[in-house]
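Q: sequence plus the predicted model coming up.
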Amino acid sequence: MIASHRSTLLADFAQRGLIHEVSAGLDERLVASPSIAAYIGFDPSADSLHVGHLMGVLALRRLQLHGGRPIALVGGGTGMIGDPSGRSAERNLLDRATLDANRASIGGQLGRLLDFSGASGALLLDNLEWLGGLGMIDFLRDTGKHLTVSYMLAKDSVKSRLEGGLSFTEFSYMLLQSYDFLMLRKLHGVELQMGGSDQWGNITAGSELIRRVDGDGREGSQLAFGLCYPLLLAKSGEKFGKTAEGAVWLSTERTSTFAFRQFFMDQPDEGLEGLLQRLTLDSTESISELLAEHAKNPGARNGQRRLATAVTTLVHGESEELRVRAVAETLFGGPDGRGSDPRALDAAGLATLAAEIPTAPLPSGADATLLDLVSAAGFATSKSEARRLVEQGGISVNGEAAGDPAASASSFARLADGSLLLRKGRRDYRMLRAG
């Protein structure tokens, strides 16, 4: 499959497992000139993108690296209707104010994830620009006549919903998305639409509309192309980026940077290659080398470390990634398996740590001892139980073993924010905070 693609973009996509469906003729078009404008739509049904959207964002980044121009379309217009693709029930419709807020928030995230500089930099557009003032009679007369009901009913995104019920509102989504493709070609010269495999029906409908409106009417005339990548699925079969607590969001208000990074640290070995290929900009050669090294010592989790570092840096920036990595290595250990010294964490790092583990007030009495600290942390319900834990070597304070039950609480040097970090056993942490 890889050898059959002569264009560098499609060869790269194929190597990374990013081609589910592709229009005939796209490879030849890219060989003629890699300079092609392509778009992906992002639904503003929430105020943040989630991990599942990263494949699309990075597809646009890869296109740009190969000489194309990426366009991110936030569906302020279609978002008021809802796409039935990949859904089993109709979504709740959002009001204009909520959609406006969501659109602005998602636009800010896309602005950090794509390169908008230069004459061929990315564009961030909103389909409300052309859909908002569209008259129903004009739309039905000039656009609706080109796609038959039987053509639309044959699409999987529609067929899968017919038995359970599909409103005309959602049924019309395909035609509106097709109109987006038509307008983007007219306004910005867009020739390619990309999306997940559940979007193939909508994408090909858009190509067909363009052929009928702007083409010569002959079957096979190539004015627009589509490319779908496989949906990224977790081991459970659900869409990637879902946890027991819900989606893993790009917004720190919804998912902390620490939890975001740990989500990737927790990925199983068998899924590493696919995630590294699809969710990072690392070369396929460097990924192969990394995985070969990882296989020699899977316990060091070097593959997961690279995945977590690369994706977190991409989404949240290098300084944030370094901060949460230091916190994670304090709790769980670094590549050598040993925990980092919590005394090296600054106040911001300690605040992140405190948000991720149980905390309690630091005993303030002048005669407080290590036993009081252990009890305050909730590691023991009595002084005798606390004494046994200490004497058995089960307690550390700020990364150092604490074996003297009578040690004064004031004898332990405070961390940068005045707190103490206690650990019971290998991984049970509590933070005692002053004030």
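A: Received the coordinates, thanks. All figures in this text were calculated on a predicted structure; none of them were measured in a lab. Numbers count the residues shown, from 1 in each chain.
Q: which stretches of the stretch 251-400 of the chain have low pLDDT?
A: Within the stretch 251-400 of the chain, the stretches with pLDDT under 70 are 337.
Q: in contact with Val22, which residues?
A: Leu10, Phe225, Gly226, Leu227, Cys228 (CB atoms under 8 Å, 6 or more residues apart in numbering). All C-beta atoms are positioned from the backbone trio N, CA, C, and that covers glycine.
Q: can you name the element that comes right after the helix or strand where Asp27 lies?
A: Asp27 is part of helix 26-32 when elements are defined by DSSP states H and E. With elements assigned by DSSP H and E, the helix or strand that comes after helix 26-32 is strand 37-42.
Q: list the contacts of that following strand.
A: With CB under 8 Å, 6+ apart as the criterion, strand 37-42 contacts 49, 53, 56-57, 59-60, 63, 68-75, 78, 106, 110, 125, 127, 177, 180-181, 184, 188-195, 227.
Q: can you tell me the SS state at Glu285?
A: helix (DSSP: H, G, I helix; E, B strand; the rest coil).
Q: can you give me the strands in the stretch 51-200 of the chain?
A: 69-74, 123-126, 190-196 (DSSP state E, counting those that start in this stretch).
Q: any chance of those in CSV, plus mean pLDDT, mean neighbour count and distance to Arg387?
A: CSV is the format used below for the strands of the stretch 51-200 of the chain (pLDDT from 0 to 100; neighbours: other CB atoms under 10 Å; distance: least, CB to CB, whole Å):
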stretch, mean pLDDT, mean neighbour count, distance to Arg387
strand 69-74, 95, 24, 61
strand 123-126, 93, 20, 62
strand 190-196, 97, 25, 58
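Q: can you say which of the ones you listed is nearest to Gly206?
A: strand 190-196 (6.0 Å; CB to CB).
Q: quick one on the thing from earlier: Ser283: which of the strands of the stretch 51-200 of the chain is closest?
A: That would be strand 69-74 among the strands of the stretch 51-200 of the chain, by CB to CB, at 19.7 Å.
Q: longest helix of the chain?
A: In the chain, with assignment by DSSP state H, the single longest helix is helix 96-113.
Q: buried ones in it?
A: Of the residues in helix 96-113, Leu99, Asn102, Arg103, Ser105, Ile106, Gly107, Gln109, Leu110, Leu113 count as buried by neighbour count, 16 or more other CB atoms under 10 Å.
Q: what do you get for stretch 259-277?
A: Going by 16+ other CB under 10 Å, stretch 259-277 has these buried residues: 259-265, 267, 271-277.
Q: among the residues you listed, which are in helices?
A: 259-265, 272-277.
Q: of those residues, closest to Ala24?
A: Gln277 (24.8 Å).
Q: look up the closest residue to the closest one, ignoring the ones flanking it.
A: Arg16 (4.1 Å; CB to CB, 6 or more residues apart in numbering).
Q: which ones are touching that neighbour?
A: Gln277, Arg278, Thr284.
Q: Throw the strands of the stretch 51-200 of the chain into CSV and include distance to Ser172, thanks.
A: Putting these into CSV (distance: least, CB to CB, whole Å) gives the following:
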stretch, distance to Ser172
strand 69-74, 18
strand 123-126, 19
strand 190-196, 18
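Q: among those, which is nearest Pro34?
A: From those, taking CB to CB, the stretch that ends up closest is strand 69-74, at 10.4 Å.
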